[in-house]
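# give me coordinates for this.
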Amino acid sequence: MNIAIVGTGYVGLVTGTCFSEMGVNVICVDVLEKKVEDLKKGIIPIYEPGLEEMVHRNYAAGRLKFTTSLESCLDGVDIVFSAVGTPPDEDGSADLKYVLEVARTIGKNMNKYVLVVTKSTVPVGTAQKVKATIQEELDKRGVKIDFDVASNPEFLKEGDAIDDFMKPDRVVVGVESERAKDLMEKLYKPFMMNNYRMIFTDVPSAEMIKYAANSMLATRISFMNDIANLCEIVGADVNMVRKGIGSDSRIGNKFLYPGCGYGGSCFPKDVKALIKTAEKNGYSMKVLQAVEEVNESQKSILFDKLMKYFNGDISGKTIALWGLSFKPETDDMREAPSLVLIDKIVNAGGNVKAYDPIAMEETKRRIGNKIKYAQDIYDAVLDADALMLVTEWKEFRLPSWAVVKKAMNNHLILDGRNIYDRKELEELGFDYTCIGR
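Residues are numbered from 1 along each chain as shown. All right, here's what the predicted structure looks like:
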């Protein structure tokens, strides 16, 4: 089977590489010539465990190819996946200009039937816009060529995307025809051999499922952060509360961990986009508005605790940050809580010295030398007045606290992910604070 993937960002590159791993002939398309040439040389633009080796293997086998020309490969493929970016517009809605440009290119150049699949996270109604755009270009050419448009939202977790794609718990596909359904079943059958869970829906429902899923997960996070903040006030322990409610089979224990706010490329963007979609249709998503408000406030909670500890004055003090990326096993800095903390600390006259196993280069690209970058976790805390745990990378879980204590000027630890033992640290002479206890 031959397919094309347009867009070699996070979703497009993982999707194309995983399909090629299963024997599909994949052409990945991107308008950025340097990016395409780098990929041909084995230079991967994102960090995702296992991805680099898989790209190298399938490119060498000839199943995975890279090009800047969608036009040149349309005649040789059965399916075109659109995995281009849908960044937030100024009003928070998803910007569809790249999605519709792909549709225009297809309409201008297709000569035979093709199934066009939106893989990007797009608002409900996007597939109809894609369909209309392709048809408009065909009408301009004065040709009649059959095509279908489908929706196949992705549910990849950054840091675990390869496993998610290769062993999906479900594959959601919105289709309008049996022909499109048959093609998608054929494409995904190798992934479903042990757990055949393809969910076929109408196209608008598939588009909504992605937004609803991410918004539900974001809601659980903000809910637990709200509960954690109240726990601190009333003297409860949010970890005990989390275990108590998580044991209810109707609730479950996933995404009930409080912290210093969610970030990344999906949750913030998708919550905003769904709120905006509702507004455009005359409806107000009151719950999601609260979810977003809680999350923005939660990103400042470690800073607020820091300022309280130092009586509102951190001028000249050095704050160590362990972790910069929005979550472990990725270098993604989009909407990362660390960026909010850095801005607030620097604006209050403090200095930041940070360490992250993967994301420091990406942080430098975004903010330059606004902060100091450490060589390791112990270098980060050298002469520090406080330590903030922002991202729960595995290597931060069991440090040598004796070394940390000796290196620091002042022994304050602000645990933004609740991974440390309060009793242990207090016995060692640290001042310890976390979220919701």
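
# how about the helices of the stretch 1-150 of the chain, start to end?
Per DSSP state H, counting those that start in this stretch, the stretch 1-150 of the chain carries helices over the ranges 10-21, 33-40, 51-61, 97-109, 126-141.

# return the most buried member of these.
helix 10-21 (a mean of 25; mean count of other Cβ atoms under 10 Å). All C-beta spots, glycine's among them, are computed from the backbone N, C-alpha and C.

# downstream of the lengthiest helix in the chain, the next helix or strand is which one?
Using DSSP state H, we find that the single longest helix of the chain is helix 203-234. Next helix or strand after helix 203-234 toward the C-terminus (DSSP states H and E): helix 238-246.

# what's that next one in contact with?
If you take Cβ atoms under 8 Å, 6 or more residues apart in numbering as the criterion, helix 238-246 is touched by 224, 227-228, 231, 251-253, 256-258, 418, 435-437.

# Serialize those to a markdown table and add fields for pLDDT and distance to V390.
Listed next are the contacts of helix 238-246 as a markdown table, based on pLDDT from 0 to 100; distance: Cβ to Cβ, whole Å:
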| residue | pLDDT | distance to V390 |
| --- | --- | --- |
| M224 | 97 | 17 |
| I227 | 97 | 21 |
| A228 | 97 | 16 |
| C231 | 97 | 21 |
| I251 | 96 | 27 |
| G252 | 94 | 26 |
| N253 | 93 | 23 |
| L256 | 94 | 20 |
| Y257 | 94 | 14 |
| P258 | 95 | 14 |
| N418 | 96 | 12 |
| I435 | 96 | 12 |
| G436 | 94 | 16 |
| R437 | 87 | 18 |
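
# which of those tops the neighbour count?
Among the contacts of helix 238-246, the one with the most neighbours (other Cβ atoms under 10 Å) is P258, at 28 neighbours.

# my guess is that one contacts S222, does it?
No - using Cβ atoms under 8 Å, P258 makes no contact with S222, being 9.7 Å away.

# list the contacts of E362.
By Cβ under 8 Å, 6+ apart, E362 lies in contact with L324, S325, D331, D332, M333.

# now the third one: which helix or strand?
Translated: D331. Assigning secondary structure by DSSP H and E places D331 outside every helix and strand.

# against S249, how distant is it?
D331 is 37 Å from S249, where distance means Cβ to Cβ, to the nearest Å.

# try the fourth one
Computed as Cβ to Cβ, the D332 to S249 distance reads 33 Å.

# any idea how this structure splits into domains?
Under the assignment automatic domain parsing, the domains of the chain span 2-201, 211-297, 299-433.

# helix, strand or coil for D169?
Following DSSP: H, G, I helix; E, B strand; the rest coil, D169 is assigned to coil.

# count of residues packed around it?
By other Cβ under 10 Å, the residues close to D169 number 8.

# Y262 reaches F326, doesn't it?
Yes - counting by Cβ under 8 Å, Y262 touches F326, with 7.4 Å between them.

# who touches both of those two?
With contacts defined as Cβ under 8 Å, 6+ apart, the residues shared by Y262 and F326 are E335.

# still on that earlier bit, which of D331 and S249 has more neighbours?
With neighbours defined as other Cβ under 10 Å, D331 and S249 compare such that D331 has more, 20 against 6.

# now do the contacts for that one.
I46, Y47, S325, I358, A359, E361, E362.

# show the buried residues in the residues you listed.
Among the contacts of D331, those classed as buried by 16 or more other Cβ atoms under 10 Å are I46, Y47, S325, I358, A359, E362.

# CSV for these, including pLDDT and distance to E176?
Shown next, in CSV, are those (pLDDT from 0 to 100; distance: Cβ to Cβ, whole Å):
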residue, pLDDT, distance to E176
I46, 87, 33
Y47, 88, 37
S325, 97, 39
I358, 95, 41
A359, 96, 41
E362, 96, 40
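
# end to end, how far does stretch 388-401 reach?
14 Å (Cα to Cα, to the nearest Å).

# then stretch 306-316?
End-to-end distance for stretch 306-316, by Cα to Cα: 14 Å.

# in it, what's buried?
Buried residues in stretch 306-316, counting neighbours by 16+ other Cβ under 10 Å, are found at L306, M307, Y309, F310, I314.

# show me those that map onto helices.
Going by DSSP H, the helices hold L306, M307, Y309 from these.

# and which of the residues you listed is nearest to I199?
Set against I199, the nearest of those by Cβ to Cβ is L306 (45.8 Å).

# list the contacts for that closest one?
Counting by Cβ under 8 Å, 6+ apart, L306 has contacts I314, I319, I345, A386, M388, L412, L414.

# which two from these end up farthest apart in space?
The span of the contacts of L306, defined through Cβ to Cβ, is set by I345 and L412 at 13.2 Å.

# neighbour count: these two, which is higher?
Each of I345 and L412 has its neighbours counted (other Cβ under 10 Å); I345 has more, 24 against 21.

# check which element follows the strand or helix carrying that one along the chain.
Following DSSP H and E, one finds I345 within helix 337-347. Downstream of helix 337-347, the first helix or strand assigned by DSSP H and E is strand 351-355.

# so who does N418 touch?
V238, N239, Y257, P258, G259, C434, I435, G436, R437.

# alright, that wraps it up for me.
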